[in-house]
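Peer 1: make a model of this:
(one chain, ligands or ions: 1)
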Amino acid sequence: MVNNGKFIVLEGVDGSGITTQTSLLKKWFTANKNIYGKAYFTKEPTDGPVGSVIRQALAKRLKPLDERVMALLFAADRLDHLYCPNEAEQQGGLSHLLAQGVNVVSDRYYLSSYAYQSLRVDLDWLQQINKHALKPDLTIFLQIPVNASVQRRNDSRFHEELYEKTETLINIRNNYLAIAKKLQAEGENIIIIDGTRDIETVFSDIKKAVMELF
Ligand code: TYD
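Peer 2: From the prediction side, this is the model:
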């Protein structure tokens with residue numbers, strides 16, 4: 001019998017360093033393949049059919065969509081990601097890969113929906129529409145103060161996407177913390193990491209949490 005792969009998620013407000021840390025984790029998994037097995041790296045919103053609509057909405061290329069509609073799109077994209085085949089290596093989506101023993105690392109997952117969409121949509125309903133989404137084995141939340149997020153974003157962006165206003169980011173950050181704590185209390189494995197430190201220090205905390213899964 002094959003053991004299931006580990007499902008690991010990285011989360012944080014825009015500019016918190018999740019993309020940088022995910023790429024370090026990818027190098028680390030590649031270097032340690034003999035110990036921890038294969039790892040598949042992915043992100044949400046995806047490049048799939050629903051994800052493409054979401055990206056257009058984020059870039060404000062569509063008419064403004066109601067946040068409930070955005071919430072449903074994110075949830076639909078997630079289920080497509082989990083259960084529907086796309087590329088050759090994902091015959092049945094992420095759930096299939098995990099069942100084959102492949103580790104999966106996702107840049108964002110349902111905690112993003114809870115933190116971002118609960119600005120305008122009721123959290124209970126968000127949890128309901130995401131109830132068919134597998135629980136991660138580990139969610140790593142990179143916490144940074146909002147001024148750091150705004151600074152990093154200004155350094156790297158040409159335009160402002162849907163959820164990138166400073167005031168919005170403050171609320172999203174507060175939501176992340178409160179909801180991460182609520183999910184921890186419900187038994188989810190979520191660690192909160194101080195993302196303001198240098199890249200290597202943050203990564204060493206992430207690596208430690210990942211190694212504890214095996
Ligand atoms: P992001 O990771 O910032 O994409 P990129 O930097 O590659 O363009 O994600 C896009 C935005 O979507 C980000 O602001 C967070 C938001 N988002 C939600 O609001 N809900 C969700 O469920 C997810 C997955 C993302």
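Peer 1: return the residues of this structure in contact with the ligand.
Peer 2: Neighbours of the ligand within the chain, by C-beta under 6 Å from any ligand atom: Asp14, Glu44, Pro45, Leu58, Phe74, Arg108, Ser112, Ser113, Tyr116, Gln117, Glu161, Tyr163. Every C-beta, even on glycine, is put in place using the N, C-alpha and C of the backbone.
Peer 1: report the two of these separated the most.
Peer 2: Ser113 and Glu161 (16.0 Å; C-beta to C-beta).
Peer 1: which one's more surrounded, those two?
Peer 2: Applying other C-beta atoms under 10 Å to Ser113 and Glu161 shows that Ser113 carries more neighbours, namely 26 against 14.
Peer 1: just the pLDDT at the closest residue to that one other than its chain neighbours, thanks.
Peer 2: Distances taken as C-beta to C-beta, 6 or more residues apart in numbering place Phe74 nearest to Ser113, at 4.9 Å, with adjacent residues excluded. For Phe74, the pLDDT comes out at 98.
Peer 1: now swap in Pro85 and tell me
Peer 2: The predicted local confidence for Pro85 is 85.
Peer 1: go on, Leu25?
Peer 2: 98.
Peer 1: for Met1, same thing?
Peer 2: pLDDT, Met1: 66.
Peer 1: also the one 10 residues further on?
Peer 2: Glu11 is assigned 98 on the pLDDT scale.
Peer 1: all good on my end, thank you.
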